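Enquirer: dropping the sequence and predicted coords here.
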Amino acid sequence: MKPVLIVQTGAAPAELRARMGDFPHWFRVAMALRATQVRTVRVDHEQALPPPRMLAAAVITGSGAMVSERLPWSERTAGWIRDAMDVDLPLFGVCYGHQLIAHALGGRVDYHPQGREIGTQAIALLPGAAHDPLLQRLRDGFAAHTTHEQSVLEPPRGAQVLARSAHDAHQILRYGETAISTQFHPEFSVAAMQAYIRRRADVLRGEGRDVDALLAATRPAPQARRLLRAFVRAALQGAAATAIVPAVTRQARAA
């Protein structure tokens with residue numbers, strides 16, 4: 001079976017890695033996959049991405065970098081995203097990954113005019129979500145963990161906006177049948193969300209935020225995680241079906 005690729009675009013802060021592991025571990029746990037089912041490529045360390053046809057799916061992580069910086073490794077990854085779209089590879093982008101897919105396909109990414117979004121937020125589903133195979137079972141107003149300063153300000157032409165929060169108009173975007181992305185973090189646990197709030201406490205207070213209220217408002221976000229797992233399950237089922245066809249063809253020829 002082809003692996004699910006984790007396209008790692010950054011790393012968790014050192015103090016979090018020591019206690020919780022790094023982003024690939026968070027994603028693997030959230031996707032409920034075994035280590036043998038996953039491959040990780042650290043694109044911000046110049047590791048080369050495999051051809052999209054060698055993969056069952058790809059998930060693109062968050063990062064401390066900014067898409068608007070257009071760093072060389074990020075722009076190369078954007079080109080790989082376009083190649084992946086050309087062969088209908090299932091793609092799931094998260095935070096930086098969400099923004100990078102939108103940028104790669106012609107959208108506009110920059111700092112949000114109202115500043116940072118952080119904490120557990122209510123995600124409002126838009127009408128198109130009722131017909132989306134991954135979203136139709138989610139309840140409106142589900143909880144999700146967020147931390148970002150940049151956003152997709154203008155989605156690519158043809159992208160469908162499926163959800164928003166009070167702060168961000170583009171929390172979920174779909175790009176055709178096989179690619180979807182979220183501004184929120186389905187891989188975050190409550191502990192991870194609280195750790196991000198605590199490590200930015202001074203900055204948040206400087207912005208006039210109530211850090212204690214943000215911490216108290218964090219809560220589990222099982223539906224956000226369920227979306228990621230539904231994506232992976234559908235991708236692996238599709239990859240398995242594709243793998244069966246050549247085998248059946250070979251058997252028929254042999255007979």
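Expert: Yes, it's here.
Enquirer: R198 touches D212, doesn't it?
Expert: No: using Cβ atoms under 8 Å as the test, R198 is too far from D212 to be in contact (10.7 Å). From N, CA and C alone the C-beta is placed, and that goes for glycine too.
Enquirer: out of those two, which sits in the more crowded spot?
Expert: Between R198 and D212, counting by other Cβ atoms under 10 Å, R198 is the more crowded of the two (13 against 10).
Enquirer: next, the more buried one: secondary structure please.
Expert: Classification of R198 using DSSP: H, G, I helix; E, B strand; the rest coil returns helix.
Enquirer: what's the distance between it and E69?
Expert: Per Cβ to Cβ, to the nearest Å, R198 is found 26 Å from E69.
Enquirer: do Q136 as well
Expert: For Q136 relative to E69 (Cβ to Cβ), the value is 36 Å.
Enquirer: remind me which residues of the chain are low pLDDT?
Expert: Applying pLDDT under 70 to the chain picks out residues 242-255.
Enquirer: so where does the closest residue to S68 other than its chain neighbours fall, helix or strand?
Expert: Of all residues not flanking S68 in the chain, D110 sits nearest, at 5.2 Å (Cβ to Cβ, 6 or more residues apart in numbering). Counting by DSSP states H and E, the element that carries D110 is strand 108-111.
Enquirer: quick one on the thing from earlier: how many residues are close by the residue nearest to S68?
Expert: Neighbours of D110 using other Cβ under 10 Å come to 16.
Enquirer: kindly report the same for the one 5 residues further on.
Expert: Residues contacting G115 under the criterion other Cβ under 10 Å number 12.
Enquirer: could you do the one 5 residues further on as well?
Expert: Other residues lying near T120 total 22 when counted by other Cβ under 10 Å.
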